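In: With the input below, show me the fold.
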Amino acid sequence: MIKDNQYAIEVDGLTKRYGGLLAVNNISFTVRKGEVFAFLGVNGAGKTTTVEIIETIRPLTSGRVSILGMDVTKKKRDIIRRIGVLPQGFNSFDRITVRETIQYFLRLFGRSNSEADGLINLVDLKEKSTEQFKTLSGGLKQRLGIAVALVNDPEVVFLDEPTTGLDPRSRREVWDVLLSLKNKGKTVFLTTHYMEEAELLADRVAIIHKGKIIAIDPPAQLTEDYDNYIILTLKSPKGKASEIIREVGFEPINDKRGDIKVRLEHTEDVQRILNAVKEGGASFHGLDVRTPNLEEVFLKLTGDSIHEETAGERLAK
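Out: Take a look at the predicted model:
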């Protein structure tokens, strides 16, 4: 394993077995200090097992894992003092307030109640500080959970599916908090099912599949390397646009809104199709041209969809 103080987390040859089940299969990766690192994988891919080993919750079978230069098998007590963890579905005592919740966890780490204000402001809960936990929305509970994960001023923060089940507005509010952690220099290890979340927040993304890491790179690099195509959308087409596109040599897909989508390998094919549609007497009310996103890369590499859709259903959206 390379010893270098630029790394917050180092994983080398990590393997985990449960009897005859190989849950994590000899994986290696590093997480740099100050970066947001997203870990993607469907249920059963080995994602949770890997994270729990790094957090010192679960023992490894073989390999080496260190956090901030400390071996997770030898320095558990020291590591716990320097990391923060937000578990999926954070919960607290129903009848205590936001401020009381934070103060309770501050005391568990031997810290002063006076630090509560800074944490409340960080997650933008000042106006909710006197409300009981049971009255909070899902998004507010998650923001409180992030504050709790930070009570010991950790250098590395683990966030397990921090926005699962939240509405779009609440999800974006949590994203703002996560970006503020990065701005403060925290190392953030994020597990998520939301591809948009990983694309927006992560400096690098690792995709784990059947216990192996099959790709690791910045989101933009992954989409460039693994899905080099574009999608042309013709909105509200009229006439025989689909037939014309087939005659040019491409396969159109009609989505639920009545739009036509075409996957293309070369940008010059966009103009070929538009010219053919116009010359063929068909029309449309608008068009869109876009490159693939991280979810399409994930599907290509794993054969699995986070949302369990077929490729045709995704393209037709």
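
In: Quote the end-to-end distance of stretch 57-64.
Out: Length of stretch 57-64, first residue to last, C-alpha to C-alpha, to the nearest Å: 15 Å.

In: ok now it, how far from the chain's centre?
Out: Relative to the centre of its chain, stretch 57-64 is centred 24 Å away, using C-alpha atoms, centre = their mean, to the nearest Å.

In: Just the buried residues of that stretch, please?
Out: I57, L60, G63 (16 or more other C-beta atoms under 10 Å). In this view, the C-beta of every residue, glycine as well, is placed from N, C-alpha and C.

In: got CSV for those residues, with pLDDT, secondary structure and distance to E161 too?
Out: Listed next are these as CSV, based on pLDDT from 0 to 100; DSSP: H, G, I helix; E, B strand; the rest coil; distance: C-beta to C-beta, whole Å:
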residue, pLDDT, secondary structure, distance to E161
I57, 95, coil, 16
L60, 98, coil, 22
G63, 98, strand, 25
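
In: Count the residues that sit near G185.
Out: Neighbours of G185 under the rule other C-beta atoms under 10 Å: 9.

In: my read: it touches G34, true?
Out: Yes: in this structure, G185 is within contact of G34 by C-beta atoms under 8 Å, at 5.2 Å.

In: closest to Y194 among the buried residues of stretch 57-64?
Out: Among the buried residues of stretch 57-64, I57 lies closest to Y194 (C-beta to C-beta), at 23.5 Å.

In: in the stretch 151-300 of the chain, what spans have low per-residue confidence?
Out: Counting by pLDDT under 70, the stretch 151-300 of the chain shows no low-confidence range.

In: can we see that at 90?
Out: 161, 163-171, 173-174, 192-196, 220, 223-231, 254-258, 263, 265-267, 290-300 (pLDDT under 90).

In: where exactly do the strands run in it?
Out: 156-160, 187-191, 204-209, 212-217, 230-235, 252-254, 260-264, 286-290 (DSSP state E, counting those that start in this stretch).

In: Give me the buried positions along the fourth one.
Out: Going back to what we said before, that points to strand 212-217. Buried, per 16+ other C-beta under 10 Å, within strand 212-217: I213, A215, I216, D217.

In: Please state the offset of it from the chain centre?
Out: Worked out by C-alpha atoms, centre = their mean, strand 212-217 lies 14 Å from the chain centre.

In: Does K240 touch V277 like I think?
Out: No: in this structure, K240 is not within contact of V277 by C-beta under 8 Å, at 9.1 Å.

In: Can you name the residues bridging to T187?
Out: Legend: beta-bridge partners of T187 under DSSP bridges are V156.

In: What about it, how many residues nearby?
Out: Close neighbours of T187, defined as other C-beta under 10 Å, add up to 24.
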